[in-house]
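Asks: Curious how this folds, go ahead:
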Amino acid sequence: MRIATFAAGLLAATSLTACASLETPAEPEVVAVEVVEEPAPLEVTVHSGDFAEIQQFTTPGGASVWLVSEPSIPILSFNMSWKGGEASDPEGLEGLTDAVTYHMNEGAGDLDSLGFQTRMEDLNMSFGCSASNDWTTCSASMLTDNADDAMALVATAFADPRFDDVPFERFRREQQVGLNTRETNPGFLAWQAQSQALYPDHPYARIKTEESIAALTPELAKEQMRKLMVKDRLLVTAVGAVTPEELAPMIDEVIAGLPETSDIPETPDIVFPELEPADPIVVELPQPQSLVQFIGPGMTREDPDFFPAYVLNYTYGGGGFESRLMKVLRVEKGLTYGIYTSVSPGEHMQSWSGGGQTKNESAGEFIQGIKDEMEDFVQNGVTEEELSDAKAYLTGSYPLGFDSNAKIASQMMGVRQEDLGIDYFDRRNDMVRAVTLEDVNRVAKEYLNPEDYLFIAVGQPEGISAEEFETEAEE
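Replies: Residues are numbered from 1 along each chain as shown. Reported below is the predicted structural model:
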């Protein structure tokens, strides 16, 4: 009975199948399959030096990157820098580039100023921008766990900055405070006297005014941002627990909203005029002390004299209490609490400068003391012991500038801006050690002649004219 029932069922099923096979078959459904091409692998050049392993690559979006991967510290720090800064401000709009950098973390997209700052706090990150005469730079640091979200916030700042009225008015007020206080700031007054004496018509000499700040608008700032921050002038440096393959898409997300290129004005070079022997420039400012600054011509980084000058400067005035100027003018003569010198190998202006403060009554003696020490360097140079001490300090202290991810990223950016080469960190100490006594003494003779220097005194200095100083010396 069960077998018969099963057979009948099988026959029915077979009949149904046969009938079904006589029907017209349905058209097969066509499914579109998207073929996703794998991105081309990054071409990474690795420089393995004694200092660090620097990975150099260009992102698919065109950003040139130097990366130091540091897996032991879960922090990513990166810098972005563009050639062009405050010197590119149009005449009459001085302060425009500062308005740009001020507002880069003051709101973007649907986040106003408070919302943007709150989001940065939530992500435990930092982000901000600044400008010098020749460069505009933005930097950020974040936990690698939050890197995707943090970089997305930075990308919004570049793609859709707000430049809202409320922070813009705050910027104006802060600038006005600066304009008011600078008139009693000895450092600003000394710089202004220096610029008017040496390069009065250069963009470096232009200053913000009430009129230029009042002329600024959010629309002008946004336009200036689009001129400064473009893809083809961008340099990137980064340090952190990240690989090139992980970092590249983050960087490309950040720069996606930037213009490809722009035109900005060329900054002319400054040539120091030949100075006639003259008394120091005096800027009157009622205060018990006088600020004394002095400046003369320097050299570029490419000049063979740069490292001899750099080493000499430590003994001259750059070595704190180990420098001659400090030993003589503070320790021996008690004329100042401190005095310094520095060598500045800028692209458009190279200088050797210094300064310090002294009582108004001793201003003449202080200036003469500086000149006397300069003459002594010209005539007698430095000793072997001084040279050895300078080189030991400059090489031994160098690693202290690399004790955090942010510092390393900043140091790499400086190397990139000055085009010193990816192997500079490995060569730098050797170039210091290679400086000879003959080198530094030759440079001293060429560059430390006091007649080549402009002296400026801000305060109520006494005894600084040649006639006045001679009279006091006779007495």
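
Asks: measure Val435 to Lys445 for me?
Replies: Distance of Val435 to Lys445, given as Cβ to Cβ, to the nearest Å: 15 Å. In this view, the C-beta of every residue, glycine as well, is placed from N, C-alpha and C.

Asks: Compare neighbour counts for these two and give me the winner.
Replies: Neighbour count, other Cβ atoms under 10 Å: between Val435 and Lys445, Val435 has more, with 20 against 13.

Asks: all strands of the protein, in order?
Replies: Assigned by DSSP state E, the chain shows strands spanning 45-48, 53-58, 64-69, 75-83, 126-131, 135-143, 234-240, 281-284, 289-297, 339-345, 350-359, 454-459.

Asks: Check the average confidence over the third one, would you?
Replies: If I follow you right, that is strand 64-69. The pLDDT scores in strand 64-69 average 96.

Asks: start at 702 instead
Replies: All right, first residue 702 from here; so that's strand 765-770.

Asks: Dump it to PDB, restricted to CA.
Replies: The C-alpha trace of strand 765-770 is given here as PDB (Å, rounded to 0.1, in the frame of the first residue of the first chain):
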ATOM      1  CA  SER A 765      54.700  65.300  -1.400                       C
ATOM      2  CA  VAL A 766      55.200  63.600   2.000                       C
ATOM      3  CA  TRP A 767      58.100  62.800   4.300                       C
ATOM      4  CA  LEU A 768      57.000  60.300   7.000                       C
ATOM      5  CA  VAL A 769      58.800  58.800  10.000                       C
ATOM      6  CA  SER A 770      56.800  55.800  11.200                       C
END
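
Asks: coming back round to it: between the strands of the chain, which one is closest to Ser1089.
Replies: When these are compared by Cβ to Cβ, strand 1040-1046 sits nearest Ser1089, at 19.8 Å.

Asks: in the stretch 752-901 of the chain, which spans are helices?
Replies: 797-804, 814-823, 848-860, 866-883, 887-899 (DSSP state H, counting those that start in this stretch).

Asks: ok, how many other residues are close to the closest residue to Ser765 other than its chain neighbours?
Replies: Ranked by Cβ to Cβ, 6 or more residues apart in numbering and with sequence neighbours excluded, the top spatial neighbour of Ser765 is Thr759, at 5.4 Å. Thr759: 15 surrounding residues under other Cβ under 10 Å.

Asks: Now do the contacts for Gln876.
Replies: The contact partners of Gln876, taken as Cβ atoms under 8 Å, 6 or more residues apart in numbering, are Gly796, Asp799, Lys909, Ile914.

Asks: isn't Gly1021 right up against Met1027?
Replies: Yes - with contact defined as Cβ atoms under 8 Å, Gly1021 reaches Met1027; the gap is 6.4 Å.

Asks: Looking at those two, which is more packed in?
Replies: Met1027 (22 against 11).

Asks: Before we move on, what's the pLDDT of that one?
Replies: pLDDT at Met1027 comes out at 97.

Asks: ok, now which ones touch the residue positioned nearest the centre of the chain?
Replies: With the centre of the chain defined as its mean C-alpha position, the nearest residue by Cα atoms, centre = their mean is Thr838, 5.9 Å away. By Cβ under 8 Å, 6+ apart, the residues touching Thr838 are Asn780, Met781, Ser782, Trp783, Cys830, Ser831, Ala832, Met1114.
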